[in-house]
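>>> predicted model, plus sequence, below.
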Amino acid sequence: MTFPAAVLWDMDGTLVDTEPYWIETEFAMAERHGGSWSTEHALNLVGRALLDSAAYIREHMGIELTPEQIVDELLDGVVERVEREVPWRPGARELLADLGAAGVPCGLVTMSWTRFVDPILALLPRDSFASVVTGDRVERGKPHPDPYLLAAAELGVDPVDCLAIEDSQTGATSAVAAGCVVLCVPHHVPVPPGERRVFAETLTGLDAHGLADVVRAASPA
């Protein structure tokens, strides 16, 4: 059995179901500052870098805050929520643990910033992720390949030999651009088919051997 050289995890919507926290915070921001917002706009932000999302919010919500101020307010809201409860995605922690037991290194590749990620990581075993790439660590976030390239470099592996787990088109585009095979597990937004993409409805029941099958299925004959 040939395992991936590493498994690179998206976080929001993949490891944890925190997208509703972001959406709640966005609607609260619109109400607080006299702007307007919609679920359609909120879903357009799934997987995007935070400063890119903030620029979108400033334009479409119609508020006068700077992108940096918007990011700060968003983080205040989602950190408060995640410190109360972390909503784990089904099967995610079990798969993460099985990969660790199989000796497969894992990296976290998220566009959330460090102060939102830290409370979530604090509830996992300390050695769960050998690399943690957050949105405040890269100049170009998803859909650019930079976050996945950085994670692979920190793990000392070739991204072509890695499997990424994603729930959005933005994230899948980033991972494929870096050279990874992508296991797409759509949740809040659809993900279209494409090269080096394999799909699953859930992570429940998947283990390290199952991910090796995913990589084999996505590899050229």
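It's in.
>>> first-to-last residue distance for stretch 60-69?
Terminal residues of stretch 60-69 are spaced 16 Å apart (Cα to Cα, to the nearest Å).
>>> go on, stretch 145-165?
Using Cα to Cα, the end-to-end distance of stretch 145-165 comes to 14 Å.
>>> just name the shakiest helix or strand of the chain by mean pLDDT.
Within the chain, no helix or strand scores below helix 208-218, which has a mean of 86 by mean pLDDT, DSSP states H and E.
>>> give me the buried positions along that one.
Along helix 208-218, these residues count as buried under the neighbour rule (16 or more other Cβ atoms under 10 Å): 208, 211-212, 214-215, 218. Backbone N, C-alpha and C define where each C-beta goes, glycine included.
>>> check stretch 77-93 too.
Neighbour count says stretch 77-93 has 77-79, 81-82, 86, 88-89, 91-93 buried, by 16+ other Cβ under 10 Å.
>>> can you check stretch 68-76 too?
Under 16+ other Cβ under 10 Å, the buried positions of stretch 68-76 are 70-75.
>>> list the contacts of that stretch.
22, 25-26, 29, 50-51, 53-54, 57-58, 63, 65, 113, 115-116 (Cβ atoms under 8 Å, 6 or more residues apart in numbering).
>>> ok, now stretch 213-221?
Taking Cβ under 8 Å, 6+ apart as the rule, stretch 213-221 contacts 2, 4, 163, 181-183, 196-198, 200.
>>> go again with 10 Å.
1-5, 7, 161-163, 165, 180-183, 195-200, 206 (Cβ atoms under 10 Å, 6 or more residues apart in numbering).
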